[in-house]
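K.L.:
Sequence plus the predicted model coming up.
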Amino acid sequence: MKYWIAIAALFCAIAPTAMAQSAEPLTAQVDKLFAQWDKPESPGCALGVIRDGKLIYKRGYGSANLDYNIPLSSDSVFYIASTSKQFTAASILLLARGGKLSIEDDVRKYIPELPKYERTITVNHLVHHTSGLRDYLELMGLAGRSLEDQFGNDDAIEVITRQKALNYTPGDEYLYSNSNYVLMAEIVKRVSGKSLREFADENIFKPLGMTNTHFNDDRAIVVRNRVVSYAPAGPGRFRQFIKNINAVGDGNLLTTVEDLARWDQNFYDNRVGSAGFSEAMLAKMKLNNGEEPFYGFGLRNEEHRGLKAVAHGGWFYGFRTEMVRFPAQRFSVICLCNVGSANPRDLAQKVADLYLADQLKPVEVKPNASPNTPPAASAVTLTAAQLAECAGHYYSDELDVTYQLLLEDARLYLKSGKGSRVILTARGKDEFRAFTRDIKLTRDAQGRIAGFMLNGGRVKNLVFTKKAN
C-alpha cells in the first residue's frame with residue numbers, strides 16, 4: 001500500500017510540469033514570439049536554434065517576397081548586413097596566420113592612398129574599430145548620397161581617402177565605423193590577389209559546405225531564394241527596398257540560417273583556421289589607456305543574464321539580423337529578418353531565455369537614468385544680428401559638398417545640397433544643434449566667422465569653410 005501511495009505522490013509532483021510542457025511545447029512558446037509576422041501577407045523572420053552542433057529548431061515566419069507569396073525558410077538567402085563583419089575579419093585572420101600579413105602592419109603598407117595621419121593606423125585598429133576613421137556611410141549621407149544609390153568599394157575608398165582628419169587618435173577610443181571593414185576587404189584583395197568574395201569562398205565557405213553564401217559584389221547576378229526586404233508603410237502595407245550596392249567587407253554577405261549553422265560549428269571544431277582560430281577571433285585590443293573594449297574580430301564579447309555570449313547583429317535597408325552564441329552551453333540562436341520594424345537581437349535573446357531558462361540569472365531591472373547623467377544643454381536666444389552673421393554658404397572639400405545656413409523668419413536653418421532644410425537650435429553664441437548633429441562656428445583672428453565644425457554619430461571634426469559672398 002505504501003508503495004502505491006509513493007507512486008501516486010511522485011506522479012502528482014511531476015504531473016503539473018509534464019502537463020504544462022505538453023500543453024505548450026517549447027517550440028510553441030518560440031512561435032509566439034514571432035506570431036505578428038507569421039502570415040503570408042507580411043515579411044518576417046527566419047529562425048535557427050542550435051544545440052550541441054545540431055539545428056534543433058528551424059522555421060520561417062512570413063514571406064520572403066510579397067510579390068509572389070514565397071514563404072521564408074531556413075534556406076532563404078538573406079542580406080545579413082553587419083553580421084557579415086566576422087567573415088571579413090576571419091579572412092584577415094587567415095592571412096595573418098598564414099604569414100601573408102601582420103595585424104600590426106601600417107594600413108598604408110597596403111593602401112598607400114590613405115592620408116598619412118599624425119599617428120599610424122594598423123590593421124589591428126581596423127579590426128577592432130579603434131582607428132578613428134570616419135564612417136563612410138555617414139559621410140556619404142552628409143554629402144547627399146542616398147543609401148539606395150549605386151556604389152561599390154571603389155566609391156567607399158574614395159570617400160574614406162578624402163578625409164584629412166580622424167575622429168580621434170588611433171587607439172584612443174572604440175567607435176564603430178564601417179570604413180574599417182571596407183578597407184579590410186581591400187587589404188584582402190591586395191594581399192591575396194583575390195577579391196574578398198573569391199577569397200572567402202575558397203577559404204571559408206566551400207570548406208564548410210556553405211553553398212548558399214557569398215559576398216555579393218555584383219548586384220546584377222541571379223541568386224536563388226534571395227529575400228527582399230521591406231519597411232512598414234501603414235496598416236497591412238509595406239514598402240520594398242531596392243538593393244543597389246556592390247560594396248563588401250562591412251556588409252553585403254548573402255547567406256542562410258542553414259549555412260550560418262555550419263559556420264557556428266566551426267567555432268568548436270576549427271575546420272577552417274585550425275586550432276586556436278576561434279580564440280583568436282575573440283581577441284580584444286587594448287586602448288592606449290589600457291582599457292579593453294568588448295569587440296573582437298567582427299564579434300562582440302558580451303554577457304546575457306550571467307552567461308558569456310558571442311554575438312553580432314546588423315541592419316541595412318529593411319534587413320535586421322542577429323547571431324548569438326553561448327559557448328559554454330554549446331547553444332546558438334540565428335535570427336534573420338526582412339522587415340525594418342523587427343528587433344532580432346531582442347528576439348534571439350528571448351529565444352535563448354526559453355531554452356536556457358534554468359541557467360540564467362533573473363532579468364536585471366535598470367534605472368531609467370543615472371543620477372550622474374549631465375543635463376542636456378538648454379537652448380539660448382540669439383539676436384537677429386547674431387543669426388544674420390551666421391548666414392551663408394559653407395564648403396567641405398572632404399565631402400565636396402556645400403551647406404547653407406539660411407536665415408528666414410528670425411530662424412536659422414541648415415540646408416545641405418538638395419536636401420530639405422532643418423531648424424538649428426542655438427546652444428550658445430557659436431554653437432547649434434540639428435537632430436544628432438552639432439555645429440560649432442569657427443572664427444578668424446579678427447573674430448569673423450570662418451566656417452564651422454560638424455560633429456555627430458560616427459563622424460567628428462568635419463571642417464566646413466565659409467565661402468566669400
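P.N.:
The structure has been received and is ready for your questions.
K.L.:
doesn't Y355 make contact with L307?
P.N.:
No: contact criterion Cβ atoms under 8 Å: L307 and Y355 do not qualify, at 11.4 Å. In this view, the C-beta of every residue, glycine as well, is placed from N, C-alpha and C.
K.L.:
If you count surrounding residues, which of the two has more?
P.N.:
Y355 (20 against 17; other Cβ atoms under 10 Å).
K.L.:
Helices of the chain, start to end?
P.N.:
2-23, 26-33, 85-97, 123-127, 136-142, 153-161, 178-192, 196-200, 206-208, 257-269, 277-281, 344-355, 384-390 (DSSP state H).
K.L.:
right, and these - which one's nearest V333?
P.N.:
helix 344-355 (4.3 Å; Cβ to Cβ).
K.L.:
now the closest one, how far from the chain's geometric center?
P.N.:
18 Å (Cα atoms, centre = their mean, to the nearest Å).
K.L.:
now stretch 136-145
P.N.:
Distance of stretch 136-145 from its chain centroid, counting by Cα atoms, centre = their mean, is 16 Å.
K.L.:
any chance of the helices of the chain in CSV, plus mean pLDDT?
P.N.:
Output for the helices of the chain, formatted as CSV (pLDDT from 0 to 100):
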stretch, mean pLDDT
helix 2-23, 42
helix 26-33, 97
helix 85-97, 98
helix 123-127, 98
helix 136-142, 93
helix 153-161, 96
helix 178-192, 98
helix 196-200, 98
helix 206-208, 98
helix 257-269, 98
helix 277-281, 98
helix 344-355, 98
helix 384-390, 94
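K.L.:
Of these, give the one that comes closest to H214.
P.N.:
Nearest to H214, of those and by Cβ to Cβ, is helix 196-200 at 5.8 Å.
K.L.:
Hmm, R59 and D31 touching each other?
P.N.:
Yes: between D31 and R59 there is a contact at 7.1 Å, judged by Cβ under 8 Å.
K.L.:
Tell me where the chain is predicted with low confidence.
P.N.:
For the chain, the stretches flagged by pLDDT under 70 are 1-23, 366-377, 418-419.
K.L.:
what helices or strands is the longest strand anywhere in it leaning on?
P.N.:
For the chain, the longest strand by residue count, based on DSSP state E, is strand 307-316. Contacts defined by 3 or more Cβ pairs under 8 Å, 6 or more residues apart in numbering; DSSP states H and E place strand 307-316 against helix 85-97, strand 300-304, strand 319-326, helix 344-355.
K.L.:
Deepest-packed of the ones you listed, please.
P.N.:
Among the helices and strands packed on strand 307-316, strand 319-326 has the highest mean neighbour count (mean count of other Cβ atoms under 10 Å), at a mean of 26.
K.L.:
Parallel or antiparallel, which strands does it pair with?
P.N.:
Counting by DSSP bridges, the strands paired with strand 319-326 are strand 307-316 (antiparallel), strand 331-337 (antiparallel).
K.L.:
what does the longest one contact?
P.N.:
Counting contacts by Cβ atoms under 8 Å, 6 or more residues apart in numbering, the residues outside strand 307-316 that touch it are 79-86, 147, 251, 267, 282, 296, 298-303, 320-329, 340, 344-345, 348, 356, 359-360.
K.L.:
Apply 7 Å and report the result again.
P.N.:
For strand 307-316, the surrounding residues in contact (Cβ atoms under 7 Å, 6 or more residues apart in numbering) are 79-86, 251, 282, 298-303, 321-329, 344-345, 356, 359-360.
K.L.:
Specify the angle between it and helix 85-97 in degrees.
P.N.:
Interaxial angle, strand 307-316 versus helix 85-97 (axes from the mean of the first three to the mean of the last three Cα atoms, to 10 degrees): 110 degrees.
K.L.:
before we move on, back to that, neighbour count winner among D31 and R59?
P.N.:
Neighbours were counted for D31 and for R59 using other Cβ under 10 Å; R59 has more, 19 against 16.
K.L.:
The more buried one and L33, how far apart?
P.N.:
11 Å (Cβ to Cβ, to the nearest Å).
K.L.:
returning to what we had before: so which of the helices and strands packed on strand 307-316 is nearest L66?
P.N.:
Judging those by Cβ to Cβ, what sits closest to L66 is strand 319-326, at 14.8 Å.
K.L.:
For that closest one, C-alpha coordinates in PDB please.
P.N.:
The C-alpha trace of strand 319-326 is given here as PDB (Å, rounded to 0.1, in the frame of the first residue of the first chain):
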ATOM      1  CA  PHE A 319      17.100  43.700 -43.200                       C
ATOM      2  CA  ARG A 320      17.600  43.100 -39.500                       C
ATOM      3  CA  THR A 321      19.900  40.200 -38.400                       C
ATOM      4  CA  GLU A 322      21.400  38.800 -35.200                       C
ATOM      5  CA  MET A 323      23.500  35.700 -34.400                       C
ATOM      6  CA  VAL A 324      24.300  35.000 -30.700                       C
ATOM      7  CA  ARG A 325      26.300  32.100 -29.400                       C
ATOM      8  CA  PHE A 326      26.700  30.800 -25.800                       C
END
